[in-house]
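Undergrad: sequence below, structure please.
(one chain, ligands or ions: 1)
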Amino acid sequence: MHDSYSIIGGVFNPDYSENLKFAKEIGLDETRVYEDYDKMIEEELKLDESKRMQVVSILTPNFLHYPMAKKLLENNFSVICEKPMTTTYEEALDLERIYKSKKLTFAVTYTYTGYPMIRQMKEMIKEGVIGDIQRVDLQYYQGWINPIIHDSNKRSETWRLQPDKSGISCCIGDIGTHAFDMLEYVTGMEVQELLSDLNYVYDDNPMDVDGTILIRFSDKIKGVIRASQIATGEENCFTVAIYGRKGGLKWQQENPNYLNHLSDSKPLQVLKPGHDYNSNFSKISAKLPPGHPEGMFDSMANIYNGVAREIRGEKEFDGEYPSLNDGLRGMLFIEKAVESHNNGNTWVKLK
Ligand SMILES: NC(=O)c1ccc[n+]([C@@H]2O[C@H](COP(=O)([O-])OP(=O)(O)OC[C@H]3O[C@@H](n4cnc5c(N)ncnc54)[C@H](O)[C@@H]3O)[C@@H](O)[C@H]2O)c1
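TA: Have a look, this model is predicted:
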């Protein structure tokens, strides 16, 4: 979308014939379509640097993120990794260790951080427009697991409900982690403690499909992350609300071009993308003039653009793409949310 990338090759499917079929569909040179990621790295390293792949996107089920990212980093390739970054916090720490010994770019695609009005929210909070934060409320409700969870056959066919493919959590790992990252992204603060109450619905289901998590930044700044994949009929109802002493900011993913600015004394103000009144960071995140709605693909493209801008030495703003540290914090959040629930809903520290 920003004309920064060309797909030059890859591994698109563990089944080689499907892999080739897809590569043909998108017009790729077959010599750059590999059997697996080991072969891809081995063969790409033999090419002259000017021809070699520069960045690799990891878009596979969760359990493959860590081995793929580890080997790519070890062989000096920059990575754009889907969330959750790994399946355990320990794996995430290992990636951090390797990353710190290299000069590479590593992004984790918390997609929603690319929206212009989220970036505007981040900048307004940083400038103190709503004053000191006192309450946060993030709700991420989906309903797609409802038709699956009540049928044990369907359950066993869904990789997200299998711990060996997905990690220790389904709902919190999949969408709770988006909410957690968003919270730290827009506030610029780190959550200190949490208490979680998860729902597995059936005793023989090992993966949470719903959860309510109390959040403390401090004993005076508190809030909640509510995430569910059994909120029947909900699509992608992600709401971010941050309240400060001077005002509140509220945004909803299903209407991403409206940022509500709430106040005690003034009528509701609705901010929209592309206008001069927005911050420069928000303005570079909208490609079209005001009144031409952009959406989820544009948001993801902004994250990819942030990576490209960093590689070209053009990155200007804090938060142009979610970092490896965001991925690491995401894994800590998932593990602590499950730990708190398993402890009988106790407060646990995030450190
Ligand atoms: N950022 C977001 O908003 C967002 C949205 C959806 C999914 N995701 C993440 O994307 C990842 C994939 O999820 P999905 O729903 O697209 O899953 P999916 O099952 O639809 O797709 C997985 C893809 O990985 C490929 N694959 C599997 N094993 C492979 C291997 N060994 N080598 C190469 N390719 C292989 C499959 O062929 C398939 O194309 C997950 O980590 C998920 O959490 C992120």
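
Undergrad: could you list the buried residues of the helix ranked longest in the chain?
TA: Scanning the chain for the longest helix, with DSSP state H as the assignment, gives helix 324-342. For helix 324-342, a neighbour-count test (16 or more other Cβ atoms under 10 Å) marks 324, 326-338, 340-341 as buried. The C-beta positions use only the backbone N, C-alpha and C, and glycine is treated the same way.

Undergrad: please apply the same query to stretch 340-351.
TA: Taking 16+ other Cβ under 10 Å as the criterion, stretch 340-351 shows 340-341, 348, 350 as buried.

Undergrad: what's the neighbour count on residue 109?
TA: Other residues near residue 109 come to 24 when the count uses other Cβ atoms under 10 Å.

Undergrad: now it. Its backbone dihedrals?
TA: Residue 109 adopts backbone torsions of phi -80, psi 70, taken as degrees, to the nearest 10.

Undergrad: residue 193 too?
TA: Note on residue 193: its backbone torsions stand at phi -140, psi 150 [degrees, to the nearest 10].

Undergrad: quick check: closest non-adjacent residue to residue 258.
TA: Excluding its sequence neighbours, the residue lying closest to residue 258 (Cβ to Cβ, 6 or more residues apart in numbering) is residue 270, at 5.4 Å.

Undergrad: same thing with residue 85?
TA: Nearest non-adjacent residue to residue 85, counting by Cβ to Cβ, 6+ apart: residue 327, 3.1 Å away.

Undergrad: my read: the one you found touches residue 80, true?
TA: No - using Cβ atoms under 8 Å, residue 327 makes no contact with residue 80, being 11.0 Å away.

Undergrad: re earlier: find me the pLDDT at the residue nearest to residue 85, would you?
TA: pLDDT, residue 327: 98.

Undergrad: wasn't residue 195 part of a helix?
TA: No - counting by DSSP: H, G, I helix; E, B strand; the rest coil, residue 195 is not part of a helix but strand.

Undergrad: gap between the residue nearest to residue 85 and residue 138?
TA: According to Cβ to Cβ, to the nearest Å, residue 327 and residue 138 sit 18 Å apart.

Undergrad: equivalent analysis for residue 315, please.
TA: According to Cβ to Cβ, residue 315 and residue 138 sit 27 Å apart.

Undergrad: just want to know which of these two has more residues nearby.
TA: Comparing residue 315 with residue 138 by other Cβ under 10 Å, the one with more neighbours is residue 138, at 23 against 16.

Undergrad: surely that one meets residue 181?
TA: No - counting by Cβ under 8 Å, residue 138 does not reach residue 181; the two are 10.0 Å apart.

Undergrad: and the residue of the stretch 101-250 of the chain found nearest the ligand, what does it touch?
TA: The nearest approach of the stretch 101-250 of the chain to the ligand comes at residue 111, 3.8 Å away (Cβ to the nearest ligand atom). Applying Cβ atoms under 8 Å, 6 or more residues apart in numbering to residue 111 gives the contacts 178, 296, 299-300, 303.

Undergrad: 7 Å instead?
TA: 296, 299-300, 303 (Cβ atoms under 7 Å, 6 or more residues apart in numbering).

Undergrad: cheers, nothing more for now.
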